[in-house]
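A.B. asks: predicted model, plus sequence, below.
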Amino acid sequence: MKMGRVCLDLNYIVDMDNDEMVKHAVESLYEDLMQGVKYGNISNWIDVIEDKNATPDMIPEFLLEKENE
């Protein structure tokens, strides 16, 4: 079984010692996410990536339910 992650890739690089920059990035990320929902751009940020550290027991139960039907 090849394990992977389906994830939302929306991020900013920040200087963690600069509280104002971090705060601005958090606010911007929230605003970008809300705009993405509003205008239907979320799918542009969804990635499927291989994760060699993931194990089958990490798969959420709700995803396994369909498999067992």
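C.D. replies: Everything's here; your move.

A.B. asks: ok, and what's touching the lengthiest helix in the chain?
C.D. replies: Counting residues, the longest helix found in the chain (DSSP state H) is helix 19-39. Helix 19-39 has contacts (C-beta atoms under 8 Å, 6 or more residues apart in numbering) with 10-12, 14-16, 41-42, 44-45. Placement of C-beta: from N, CA and C, glycine included.

A.B. asks: which stretches of the chain have low pLDDT?
C.D. replies: Along the chain, the model assigns pLDDT under 70 to residues 67-69.

A.B. asks: one more pass at 50, please.
C.D. replies: Residue ranges of the chain with pLDDT under 50: none are present.

A.B. asks: thinking again about what came up before, return the subset of the contacts of helix 19-39 lying in helices.
C.D. replies: Counting by DSSP H, none of the members of these fall within helices.

A.B. asks: which one among those residues gets closest to E61?
C.D. replies: Taking C-beta to C-beta as the measure, E61 sits nearest to I42 out of the contacts of helix 19-39, at 23.6 Å.

A.B. asks: what is the neighbour count of that closest one?
C.D. replies: Counted with other C-beta atoms under 10 Å, the neighbours of I42 add up to 14.

A.B. asks: find the nearest non-adjacent residue to the residue most central in space within the chain, please.
C.D. replies: Nearest to the mean C-alpha position of the chain, by C-alpha atoms, centre = their mean, lies L8 at 2.6 Å. Among residues not flanking L8 along the chain, W45 sits closest, at 5.4 Å (C-beta to C-beta, 6 or more residues apart in numbering).

A.B. asks: before we move on, what about I46?
C.D. replies: L8 (6.1 Å).

A.B. asks: quick check: that neighbour touching I42?
C.D. replies: Yes: using C-beta atoms under 8 Å, L8 is in contact with I42, at 7.5 Å.

A.B. asks: between these two, what contacts are shared?
C.D. replies: Counting by C-beta under 8 Å, 6+ apart, L8 and I42 have no common neighbour.

A.B. asks: centre of the chain to stretch 14-22, how far?
C.D. replies: 21 Å (C-alpha atoms, centre = their mean, to the nearest Å).

A.B. asks: end to end on it, go ahead and measure it.
C.D. replies: For stretch 14-22, the separation between the terminal residues is 6 Å (C-alpha to C-alpha, to the nearest Å).
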